[in-house]
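**Student:** what follows is a predicted structure for the sequence shown.
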Amino acid sequence: MGCVHGKCCGRFPKSSDGDPREFRDSGPYSAQRKQHILTERSLELVPVPSHRFNLEYTVLTQRGYYPDSPDKDNQDSFCVKTQLQGNPNIHFFGVFDGHGQFGTQCANFVKDRLVEVLADDPTLPDDPVEAYNSAFLTTNSELHSSVIDDTMSGTTAITVLVVGNTLYVANVGDSRAVIAVKDGNRIIAEDLSRDQTPFRKDEYERVKQSGARVLSVDQVEGLKDPSIQSWGDEESEGGDPPRLWVQNGMYPGTAFTRSVGDSTAEKIGVVATPEVSVVQLTPNHLFFVVASDGVFEFLSSQAVVNMAAKYSDPRDACAAIAGESYKLWLEHENRTDDITIIIVHIKGLSNSAGGATDGTDGSTNRAARRRRKGNSGSSFNSGSEVFRSVRSDSSEIQSCQLVLSMNRNPAIVVPSPTCQSPRNRMRVSGAIQPTTEAVGSAYTR
C-alpha cells in the first residue's frame, strides 16, 4: 500500500486527528509469504451545496507484485482535491499510472501539476472543457522541460472533475472511469472514458498518419505477417496487442496511443490531448469508479460495478475489487500490476435539487443519451445525459493533499502467488515487457 501520494514510502501519512500510523507492510507479501493484505483507507465526505448532495469517497492504492523486481516502485499515483479555487462545488479526482524507467516520477509530477494548473485557470467555472484541454497540454510541456527524463517514460491519466451536478471526465491512456446507473432493478456500468489503444480504428489511423508503425511483437519479430493490420479486439488478442514503433527502430513499443510525457513516442502520434466527456448527474447515478488499468486487465467495467454495488461502504468495495484483481492477475501471470482505485458515492441527489450556483450557467448543449459498449460485449442505454464528448488539449495543476486515516482492519487476504500456475501472457495495455528481448524496448511497465 502506498502513501497518500501513491508511492511506497516507509510510513503511512498522519491520520485526520494527527496520529501517525505505523507502516507495517514489509513488501507485497508477509515474511511467511503466505498471504497478501490490502489495507483500507479512510472514508471522506464532501458536500456539493449548489445541488444539495454529497460525495462520499475513498482511495486504495497497492503496489504490484514483481518477483523479478522486488524493489520496483508503485508507479501509480492519485490525487483528490476538493473545493478547487475555493469553490465548494468543484472537486477533482484523478489516477495516474506511470510507465517506463522514470514512470514513478512522471506520475507524481503530473499528479501534482495537472490539478494546480487546472485550479489556477480563471476560465475553469465557465468552460471546464477548455480548461481541461489547456491543463493537460501545459502539464505535458512542463514535464518535457523538467529534470525528469521522459524520453521513454510517462504516465496515463484518468480524471473526473465534479462541477455542481456535472461530471467532466478527461482521459489520456488506458486507465478508466465508469459510473453505476440504476435502471429498474438492474445496475448498469457506463464507461465514462474509452481506452486509447491501437485497437481503436480512429486511434490507429491517427498514429499511422503521424508516422507510427503499428505491429504486434510477433509481427516485429517476424513470427506473423506484418502486412496484416487487423488484431481483433483486446479480449481475444490481449496477449500480443498492436504497439507503436518508429519507422526504422524497435522502439518505443507503446500499447497506448495517448499519454503525458513519452517525448519519443510523441513524435509518432502519442499525444497528451485528452478525450473529455461531459455527463449531467441524475438520481439514477449511484457511484463512479476511477481506476488504473491494473483493475481492468481481467475485470470488465460491469464486473467492477457489480462488485462495488455489493458494499454500502466504498472502503469495502475498494478492498474487494483490489483483491479480486490481484487474484486474477496471479491466475494468469507470475506478477501483478500496480492497482489504484477511487470510488465516489453520490448521496442525496434529487431532481428537485437547486440550480446551477457553481459558476456555470446550467445550460445543456444538445443533451443526448450515450450508448457505450462495455467489455462484456453488450451495449446499453445508460440514461446519462451527455452534453458533449470532445477532445481537449491542455494541462493545469495544483498540489494535492488528502489526509487519510488507517483506522479500519484489513479486509482482503489474497493467496500467495506460490499457489498459482501463471501463464506468461503479455500485458494488454502497458508498454512492452522485458521478456521481448529481441525487440529491445526501454519500457518496463
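**Tutor:** That came through, no problem. Residues are numbered from 1 along each chain as shown.
**Student:** tell me which residues of stretch 203-213 come out buried.
**Tutor:** If you call a residue buried by 16 or more other CB atoms under 10 Å, then stretch 203-213 has these buried ones: Glu203, Tyr204, Arg206, Val207, Lys208, Ser210, Ala212, Arg213. All C-beta atoms are positioned from the backbone trio N, CA, C, and that covers glycine.
**Student:** is it correct that the fourth one is in contact with Val214?
**Tutor:** Yes - under the criterion of CB atoms under 8 Å, Val207 lies in contact with Val214, with a separation of 6.6 Å.
**Student:** is it true that Ser277 touches Ile179?
**Tutor:** No - contact between Ser277 and Ile179 fails when scored by CB under 8 Å: they sit 10.3 Å apart.
**Student:** how about the CA coordinates for stretch 289-302, as CSV?
**Tutor:** Extracted in CSV, the C-alpha atoms of stretch 289-302 (Å, rounded to 0.1, in the frame of the first residue of the first chain):
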residue,chain,number,x,y,z
VAL,A,289,-15.1,4.4,-10.1
VAL,A,290,-11.8,5.9,-11.2
ALA,A,291,-9.0,3.2,-11.5
SER,A,292,-5.8,2.3,-13.1
ASP,A,293,-5.7,-0.4,-15.8
GLY,A,294,-4.4,-2.9,-13.3
VAL,A,295,-8.0,-3.2,-12.2
PHE,A,296,-9.5,-3.6,-15.7
GLU,A,297,-6.9,-6.0,-17.1
PHE,A,298,-9.1,-9.0,-16.1
LEU,A,299,-12.3,-7.4,-14.9
SER,A,300,-14.8,-5.7,-17.1
SER,A,301,-16.4,-2.4,-16.2
GLN,A,302,-19.7,-4.2,-15.4
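**Student:** so what's His91 up against?
**Tutor:** Val46, Val48, Leu55, Val80, Lys81, Thr82, Gln83, Leu84, Leu161, Val162 (CB atoms under 8 Å, 6 or more residues apart in numbering).
**Student:** among the residues you listed, which are in strands?
**Tutor:** Counting by DSSP state E, the part of the contacts of His91 found in strands is Val46, Val48, Leu55, Val80, Lys81, Leu161, Val162.
**Student:** may I see those organised as JSON lines, with pLDDT added?
**Tutor:** Shown next, in JSON lines, are these (pLDDT from 0 to 100):
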{"residue": "Val46", "pLDDT": "97"}
{"residue": "Val48", "pLDDT": "97"}
{"residue": "Leu55", "pLDDT": "98"}
{"residue": "Val80", "pLDDT": "97"}
{"residue": "Lys81", "pLDDT": "97"}
{"residue": "Leu161", "pLDDT": "98"}
{"residue": "Val162", "pLDDT": "98"}
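**Student:** for the residues you listed, which one is nearest Asn74?
**Tutor:** Val80 (16.9 Å; CB to CB).
**Student:** hmm, which helix or strand of this protein has the shakiest average pLDDT?
**Tutor:** Using mean pLDDT, DSSP states H and E, strand 368-373 stands out as the lowest-scoring helix or strand of the chain, at a mean of 31.
**Student:** quick revisit: which neighbours do Val207 and Val214 have in common?
**Tutor:** Pro198, Leu244.
**Student:** tell me how many other residues crowd Asn140.
**Tutor:** 29 (other CB atoms under 10 Å).
**Student:** from Lys208, how far off is Arg349?
**Tutor:** One correction, residue 349 is Leu, not Arg. For Leu349, the distance to Lys208 equals 43 Å [CB to CB, to the nearest Å].
**Student:** and Gly232, by the same measure?
**Tutor:** Applying CB to CB, the value for Gly232 to Lys208 is 18 Å.
**Student:** same question, Ile341
**Tutor:** For Ile341 relative to Lys208 (CB to CB), the value is 34 Å.
**Student:** how about low-confidence regions in the stretch 251-400 of the chain?
**Tutor:** Where the stretch 251-400 of the chain drops to pLDDT under 70, the residues are 352-400.
**Student:** so which residues of this protein form helices?
**Tutor:** Taking DSSP state H as the test, the helices found in the chain are 103-120, 128-145, 201-209, 217-220, 234-237, 263-266, 293-296, 301-309, 314-332.
**Student:** for Gly249, which of these is the nearest?
**Tutor:** helix 263-266 (9.6 Å).
**Student:** I figured Asn351 was touching Gln280, is that so?
**Tutor:** No - counting by CB under 8 Å, Asn351 stays clear of Gln280, with 11.4 Å between them.
**Student:** who's more crowded, those two?
**Tutor:** Of the pair Asn351 and Gln280, Gln280 is the one with more neighbours under other CB under 10 Å, namely 16 against 6.
**Student:** bridged to that one, which residues?
**Tutor:** Listed by DSSP bridges, the beta-bridge partners for Gln280 are Thr166, Glu385.
**Student:** distance of it from Thr104?
**Tutor:** 36 Å.
**Student:** Ser325 now?
**Tutor:** Using CB to CB, Ser325 is found at 20 Å from Thr104.
**Student:** between the two, which is the more surrounded one?
**Tutor:** Ser325 (28 against 24).
**Student:** the closest residue to that one other than its chain neighbours: neighbour count?
**Tutor:** Setting aside the residues directly before and after it, Ser325 is nearest to Val295 in space (CB to CB, 6 or more residues apart in numbering), at 5.0 Å. Residues contacting Val295 under the criterion other CB under 10 Å number 28.
**Student:** what's the answer for the one 5 residues further on, then?
**Tutor:** Applying other CB under 10 Å, we find 18 other residues in the vicinity of Ser300.
**Student:** how about it, phi and psi?
**Tutor:** phi -80, psi 170 (degrees, to the nearest 10).
**Student:** same question for Lys72.
**Tutor:** According to degrees, to the nearest 10, Lys72 has phi -60, psi 140.
**Student:** and it, what is it in contact with?
**Tutor:** Arg63, Gly64, Tyr66.
**Student:** count of residues packed around the second one?
**Tutor:** When counting by other CB under 10 Å, one arrives at 20 neighbours for Gly64.
**Student:** for Asp73, see how far away it is.
**Tutor:** 10 Å.
**Student:** over to Gly100?
**Tutor:** As for Gly100, its distance to Asp73 is 12 Å (criterion: CB to CB).
**Student:** neighbour-wise, which of the two wins?
**Tutor:** Gly100 (29 against 21).
**Student:** the more buried one touches Ile148, doesn't it?
**Tutor:** No - in this structure Gly100 lies outside contact range of Ile148 using CB under 8 Å: 10.4 Å.
**Student:** need the overlap of contacts for these two.
**Tutor:** Jointly contacting Gly100 and Ile148 under the rule CB under 8 Å, 6+ apart are Cys106, Gly261.
**Student:** which of the buried residues of stretch 203-213 lies closest to Lys310?
**Tutor:** Glu203 (34.1 Å).
**Student:** in stretch 187-198, what's buried?
**Tutor:** By neighbour count on 16+ other CB under 10 Å, the buried set for stretch 187-198 is Ile187, Ile188, Ala189, Glu190, Asp191, Leu192, Ser193, Arg194, Asp195, Gln196, Thr197, Pro198.
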